[in-house]
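Following is a predicted model, sequence given first.
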Amino acid sequence: MTVNKIFRMTIFSLFILAVAVVGAVMAQETGQGQAQEQAATAPPATQFEGTATLGLGKYFYLPAAKGFDIYVQGLIQGQDATFLNGKEVRVKGSMFKDEPSVFVADSIEIKDDAGQYQNVFTRAEEAKLENHLHTQERGGFAALAITKADKSEDWEGKGKAKVHGKLVDNSIVVSDDKGKEVGKILVDSTTEFASYYIQKLKLFDKFWFYINIKDTVDAKVRRKTRELFHADVIFAGLY
């Protein structure tokens, strides 16, 4: 075999090897791309199981459904979602079409003493979120900076806002940047949705209250009691 022939065979072998390597890499990338595409298009979860740790009104929280508040349109054996507290449940449903943080329960089952699931709820009507502050609407609540009880301009005319404070009895206690108490906002009402979130946040000393601002307390009373104004609480959160 001549030197030229050996050289041509070597070049050809290297070419075949290069083609094989490129093909393997492309196949791997294609496989990864398909896997990513499948993951991206995977249907959302439609079932969760676990122990309900908080139920209030139409809402309950299930740690297994992390990121969701589970919504019950209707009663559970004649009771609201408080009935589910501490019970092992299996819930089937889907994400609410206009609110990605809400999972609407189509059916709820409770595990009995024998370890079998028994149905206790089947949704029979369209889900309608009432007094619910949607995620996309929360950006419209500007943070309220209250500097002094005498400065009613800090809140008057704002309409709606969010304020960082601590709930004490029926008042939101607000403080300045140095931690000194400025005053108290008198809470006239709290939506079911807000009450549910306040319970979820009970381990936190302070958090944000989303409020509708109402009547200002008379100036003379304000100076004496540091009661600032009346408000309705419609949501509570860490941000």
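Cool, the structure landed. Keep in mind it's a predicted model, so treat the numbers as computed, not measured. Numbering: from 1, shown residues only.

element containing the nearest residue to residue 170 once chain neighbours are set aside, please.
Using CB to CB, 6 or more residues apart in numbering and skipping residues adjacent in sequence, the residue nearest residue 170 is residue 187, 5.0 Å away. C-betas here are computed from N, CA, C, even on glycine. Residue 187 belongs to strand 181-190 when assigned by DSSP states H and E.

Give me the buried positions along the helix or strand following that strand.
Note on strand 181-190: by DSSP H and E, the next helix or strand toward the C-terminus is helix 192-200. The neighbour-count check on helix 192-200 (16 or more other CB atoms under 10 Å) flags 192-194, 196-198, 200 as buried.

And for stretch 150-165?
152, 154-155, 160-165.

now do stretch 102-112
Using 16+ other CB under 10 Å as the test for burial, stretch 102-112 gives 102-106, 108-110.

who touches the closest residue to residue 176 other than its chain neighbours in this structure?
Among residues not flanking residue 176 along the chain, residue 182 sits closest, at 5.4 Å (CB to CB, 6+ apart). By CB atoms under 8 Å, 6 or more residues apart in numbering, the contact list for residue 182 reads 146-149, 174-176, 226, 228.

quick revisit: neighbouring strands of the strand holding residue 187 in the sheet, and parallel or not?
strand 171-175 (antiparallel), strand 227-237 (parallel) (DSSP bridges).

what comes into contact with the last one?
Looking back up the chat, that one is strand 227-237. 131, 133, 138, 146, 149, 152, 155-156, 171-172, 174, 182-191, 193-194, 197-198, 201, 207-217, 221-222.

Can you tell me which of the residues you listed are buried?
The neighbour-count criterion (16+ other CB under 10 Å) marks 133, 146, 149, 152, 155, 171-172, 174, 182-187, 190-191, 193-194, 197-198, 201, 207-213, 217, 222 among the contacts of strand 227-237 as buried.

circling back: pick the one among the contacts of residue 182 closest to residue 92.
Using CB to CB, residue 174 comes nearest to residue 92 of those, at 42.6 Å.

Skipping adjacent residues, who's closest to the closest one in space?
Nearest to residue 174 is residue 165, by CB to CB, 6+ apart, at 4.3 Å.

Now do residue 87 against residue 154, distance only.
Going from residue 87 to residue 154 by CB to CB, to the nearest Å gives 45 Å.

For the contacts of residue 182, please prepare CSV with the additional fields distance to residue 96.
Converted to CSV, the contacts of residue 182 look like this (distance: CB to CB, whole Å):
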residue, distance to residue 96
146, 34
147, 39
148, 42
149, 41
174, 33
175, 36
176, 39
226, 41
228, 35
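
Give me the lowest-pLDDT entry from these.
Of all the contacts of residue 182, residue 176 carries the smallest pLDDT score, 85.

so that one sits right up against residue 147, yeah?
Yes: here residue 176 reaches residue 147: they are 6.5 Å apart, a contact under CB atoms under 8 Å.

re earlier: which of the buried residues of stretch 150-165 sits closest to residue 127?
residue 160 (25.2 Å).

Show the subsequent helix or strand relative to the helix or strand of the chain with the lowest mean pLDDT.
Lowest on mean pLDDT, DSSP states H and E among the helices and strands of the chain sits helix 3-40, with a mean of 43. Sequence order places strand 47-51 as the next helix or strand after helix 3-40, per DSSP H and E.
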